[in-house]
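1. need coordinates for the below:
(2 chains)
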Amino acid sequence: MKKTLIILASLTVLAACSDRQQTADTPNKDTAPYSGTGVASFTQPGWKAGDTPADKAAWEQHLKARMQYGQNDYTRAN
Amino acid sequence: MARMKFVCDAERCIECNGCVTACKNENEVPWGVNRRRVVTLNDGVPGEKSISVACMHCSDAPCMAVCPVNCFYRTDEGVVLHDKDVCIGCGYCSYACPFGAPQFPSQGTFGVRGKMDKCTFCAGGPEANGSQAEFEKYGRNRLAEGKLPACAEQCSTKALLAGDGDIVADIFRNRVLKRGKGAEVWGWGTAYGAKQVGQPPAVAPTAATPATGGKV
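-> Prediction:
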């Protein structure tokens, strides 16, 4: 009983010594943006996010069209 | 696709700070941290110009070069991101950055400096795309949602352009040709290493290499 209490007390006291691992080497690998977020309500319609395999070309084409439509006012003014 | 870049058209920027507000709202950036801000050059002098400044996601990013824990990485789209789990908040990147992009929250105990925070080009971070962890650390991942950065998309005068470097440069070039002035893009040469009008020549002109007036 006493031994169990000591073990439990040690675990409680030493819990503060634990820390998340923070490695200084290569950071985590990021996921490619064309793979989508998996949240349909926020994803812009017009390209199929989350396809397997992810459709990189469709994502690029969608963004290029968005850049022109949203930022190039000459294409709409003239 | 070419790499992602920002261009701020000083002829169009009206210093409304809409980009700053959009960024703070979209990414829920904490008090004291401004990932984007509007800088006015020659403030109060006739002909003053304003530009919107944030991380430019440099081609040869000085922050990446000086980081002692190697927390920065560059995505395939050319966006410079960092891993907050690795960052130690030393502030070296802040000294190295020519645009003052790295920000440090000071809400910790005794005002201790926290992990670095900066513009992510609305591309999130190393966590899973669209996850809660990614949002809390880095903000929205609009690129993975098929959108462009919020600051540029809401710009009312379309002064701030974001996206594929070839396309934004083409849009800007077309504007300059149409209006016949305002070809200077502050920060473009510093960030992307491209010479353009308004930049001083890289080497002092000599008799053998006559000055071009900065034109290339």
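2. so the residue in chain A positioned nearest to chain B is in which element?
-> Chain A approaches chain B most closely through A:T37 (2.7 Å), counting by C-beta to the nearest C-beta. All C-beta spots, glycine's among them, are computed from the backbone N, C-alpha and C. Under DSSP states H and E, no helix or strand contains A:T37.
3. how many neighbouring residues does it have?
-> A:T37 is flanked by 25 other residues according to other C-beta atoms under 10 Å in any protein chain shown.
4. show me where chain A has helices.
-> A:2-14, A:56-71, A:74-77 (DSSP state H).
5. please report how far A:G38 lies from B:V112.
-> According to C-beta to C-beta, to the nearest Å, A:G38 stands 36 Å off from B:V112.
6. cool, and B:P30?
-> 14 Å.
7. now B:P62
-> 25 Å.
8. comparing these two, which residue is more hemmed in?
-> Set side by side, B:P62 and B:V112 show more neighbours around B:P62, with 16 against 11, by other C-beta under 10 Å.
9. thought that one was touching B:C97?
-> Yes - counting by C-beta atoms under 8 Å, B:C97 is a contact partner of B:P62 at 6.3 Å.
10. state the number of residues packed around residue 12.
-> Picked chain A for this. Using other C-beta under 10 Å, A:T12 is surrounded by 9 other residues.
11. actually it's chain B I care about, not the one you picked
-> 17.
12. helix/strand/coil for it?
-> Classification of B:R12 by DSSP: H, G, I helix; E, B strand; the rest coil places it in coil.
13. OK, contacts around the closest residue to it other than its chain neighbours?
-> Nearest residue to B:R12 in three dimensions, chain neighbours excluded: B:A159, at 3.6 Å (C-beta to C-beta, 6 or more residues apart in numbering or on different chains). Applying C-beta atoms under 8 Å, 6 or more residues apart in numbering or on different chains to B:A159 gives the contacts B:C8, B:D9, B:A10, B:E11, B:R12, B:C13, B:I14, B:S52.
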